[in-house]
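>>> my questions are about this predicted structure, shown below with the sequence.
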Amino acid sequence: MRTLLLAAAAAVFAAHTPALAQSPQDRLDVRYDRALAAGYKALMLCSAMAIAERNGTTRSPESVHEWELSGIYPALDPIIRDLPYEIVRRPTGQIAHVQVEWADDMPGRIAAYYGQETGCSVLPIGAPEDVSNPEAPLSEPERDSAGAEGRIVELEVVDGGEGGAMLQGPLGSVLTDAFAERYGEGRTTAVLVRQVGADGTMIEDSARYAPGFDENTPQRTWSVAKSIAATLVGAAVLSGEYEVSDPVGLDYWRAGAEGDPRNAITIDHALRMATGRYSDTPGNRTDPLYWGGTTVDERAANWPIVHKPGTVYRYANNDTLMAVKAIERWLTYYSPDEFFAKLGMDDTVAETDIRGNYVLSSQVWSTASDLAALGQLYLNDGIGPDGERLLPEGWRDYVSDPAGPQPEGTAWGYGAGWWTFRRPEGNAFEGIPDDAFAARGNRGQYVVVVPSRQVVIVRRGEDRVGTRFDIAAFTRDVLDALEGE
């Protein structure tokens, strides 16, 4: 049901509007921030709740407000919590859409659930309120989780303690400390350590979860999705249809022929954040796509070149999105959902924009155990649980090689869609093997792969802006604890 009246929304709007006279641009920016905040809230509520229910568990609106909707971007944080919302369900009980009110002269912002394969999509600002047709039943095929049977030898989750799990021994102490402040002031929701045998099969999972979270609870991966994107590119390369040296080859770039220098951008450039294209903010915030309801084609493809491709590193969501656009034809007959199924990643959903473009720079929802399965694929150099090769031989070496231009002002290196603990000049992280590499995402998402130790380390969180989790120290302590056991 609607949680607040529109009159309350107007009062909140007034409360967050400066008393001093505003310029037309100031008023426009305030209004736009409210529209984005409403889209953010609609999509987070829709995805967190609908995908949890898809996975056989639940999330309440209160839980989503406590975790996903607190401590976010400063421009949106004071607005978002008070925006009135409505969760609309189908006759079957499935979520149809979430609607969030933001202005009394515009329709509410809507995020609609389109099914178990692609989750929720946020609609454009101003979209009509009846687009998701909540009266129509949504067909959901039975989920086949057979691929996951027998894969978990031991999942050490025991009731008790603040985080709902008290593990024994040195490793248990390290995992427990992840929920305290030993590694920073972040808010940890899950930690999982997967040990894998020499034959590539899992030996043991050790995990701990915050209250309200369990092995089936999905969270947005944020930029860990970029490493998932690089993995899907690898699968496309294995098909024989692509090489990383191929041009990205967007149709309207090609339409300019030699006159458009972006035709020189390759898939490798895009994976290594080295397209040379301009982006308007550090990190390339893509709010119009993520929360505004625009599309990948509208937002990510049209930026011009300011450097020769392959010469300058610039972290950009748009680059990952272009790498995915390059394999778009392949994705039409081999979806991310099909790839996840081969890994037993049954609780993972790659979401799309309203035109069906996968937003694989950020918009993937997954669990700690599913992300461990992704890491295990890399431990096994691309061989899946059933012995099928899913990635090209040597793909692990390719993505973990900081061969291109590197980020400045950090000890981290960057490979092809994955971060590395070493840079071309060496490894600055004491106690972490040179072959370790990681997927990293906003609000404290990490997947660390350590091939020489046959270990995958996953940390999930909802860290507030301005806080951080020291994944390097945590990784080092986990490895030390495993060596001591």
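Thanks, I have the structure now.
>>> so who does the closest residue to residue 433 other than its chain neighbours touch?
Once flanking residues are discounted, residue 433 sits nearest to residue 452: 4.8 Å by C-beta to C-beta, 6 or more residues apart in numbering. Yep, even glycine has a C-beta here, placed from its N, CA and C like the rest. Neighbouring residues of residue 452 by C-beta atoms under 8 Å, 6 or more residues apart in numbering: 433, 435-436.
>>> now, of those, which are buried?
433, 435-436 (16 or more other C-beta atoms under 10 Å).
>>> now these in a markdown table, with pLDDT?
What follows is these, written out as a markdown table (pLDDT from 0 to 100):
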| residue | pLDDT |
| --- | --- |
| 433 | 98 |
| 435 | 98 |
| 436 | 98 |
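>>> below-threshold pLDDT in the stretch 101-250 of the chain: ranges please.
By pLDDT under 70, the low-scoring segments of the stretch 101-250 of the chain are 130-167.
>>> so residue 388 is in contact with residue 343, correct?
No - here residue 388 does not reach residue 343: they are 10.2 Å apart, not a contact under C-beta atoms under 8 Å.
>>> who has more neighbours, the two?
residue 343 (21 against 9; other C-beta atoms under 10 Å).
>>> run a quick neighbour tally on the closest residue to the more buried one other than its chain neighbours.
Nearest residue to residue 343, sequence neighbours excluded (C-beta to C-beta, 6+ apart): residue 373, at 4.8 Å. Close neighbours of residue 373, defined as other C-beta under 10 Å, add up to 27.
>>> A strand includes residue 446, no?
Yes - counting by DSSP: H, G, I helix; E, B strand; the rest coil, one finds residue 446 located in a strand.
>>> that one: what's it in contact with?
By C-beta under 8 Å, 6+ apart, the contact set of residue 446 is 224, 438-440, 457-459, 469, 471.
>>> go again with 7 Å.
438-440, 458-459, 471 (C-beta atoms under 7 Å, 6 or more residues apart in numbering).
>>> what of residue 196?
Contacts of residue 196 (C-beta under 7 Å, 6+ apart): 202-203, 376, 379, 454.
>>> so in terms of bridging, what pairs with it?
residue 202 (DSSP bridges).
>>> sorry, back to before: inside helices: which ones of the contacts of residue 446?
Assigned to helices by DSSP state H, the following of the contacts of residue 446 qualify: residue 471.
>>> ends of stretch 87-95, how far apart?
7 Å (C-alpha to C-alpha, to the nearest Å).
>>> quick one: average pLDDT of it?
The predicted model assigns stretch 87-95 a mean pLDDT of 95.
>>> distance from it to the middle of the chain?
Taking C-alpha atoms, centre = their mean, to the nearest Å, one finds the center of stretch 87-95 at 25 Å from the center of the full chain.
>>> got the buried residues for that stretch?
So for stretch 87-95, counting by 16+ other C-beta under 10 Å, buried means 87-88, 90, 94-95.
>>> and what of stretch 375-394?
Judged by neighbour count using 16+ other C-beta under 10 Å, the buried positions of stretch 375-394 are 375-385, 390-392.
>>> out of these, name the ones that lie in strands.
With strands defined by DSSP state E, no entry of the buried residues of stretch 375-394 lies inside them.
>>> ok, these vs residue 268, which is closest?
Nearest to residue 268 among the buried residues of stretch 375-394 is residue 392, at 13.4 Å by C-beta to C-beta.
>>> tell me the pLDDT at the closest one?
99.
>>> which non-adjacent residue is nearest it?
residue 238 (4.9 Å).
>>> what's near enough to touch that neighbour?
389, 391-392.
>>> just those residues: which are in helices?
Reading helices off the contacts of residue 238, I find no matches (DSSP H).
>>> and the residues you listed as JSON lines, adding distance to residue 335?
Shown next, in JSON lines, are the contacts of residue 238 (distance: C-beta to C-beta, whole Å):
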{"residue": "389", "distance to residue 335": "19"}
{"residue": "391", "distance to residue 335": "17"}
{"residue": "392", "distance to residue 335": "20"}
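>>> circling back: what helix or strand is the residue nearest to residue 343 located in?
Taking DSSP states H and E as the definition, residue 373 sits inside helix 368-379.
>>> now, among the contacts of residue 446, which is nearest to residue 409?
residue 440 (15.5 Å).
>>> what's the pLDDT at the closest one?
99.
>>> and it, how many residues sit next to it?
A total of 18 residues lie near residue 440 under the criterion other C-beta under 10 Å.
>>> would you agree it is in contact with residue 419?
Yes - Residue 440 is within contact range of residue 419, at 5.3 Å (criterion: C-beta atoms under 7 Å).
>>> quick one: the strands in the stretch 1-150 of the chain?
Ranges of strands in the stretch 1-150 of the chain, per DSSP state E, counting those that start in this stretch, are 85-89, 95-100, 109-113, 120-122.
>>> turn the ones you listed into JSON lines, columns for distance to residue 427.
Listed next are the strands of the stretch 1-150 of the chain as JSON lines, based on distance: least, C-beta to C-beta, whole Å:
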{"stretch": "strand 85-89", "distance to residue 427": "47"}
{"stretch": "strand 95-100", "distance to residue 427": "45"}
{"stretch": "strand 109-113", "distance to residue 427": "42"}
{"stretch": "strand 120-122", "distance to residue 427": "40"}
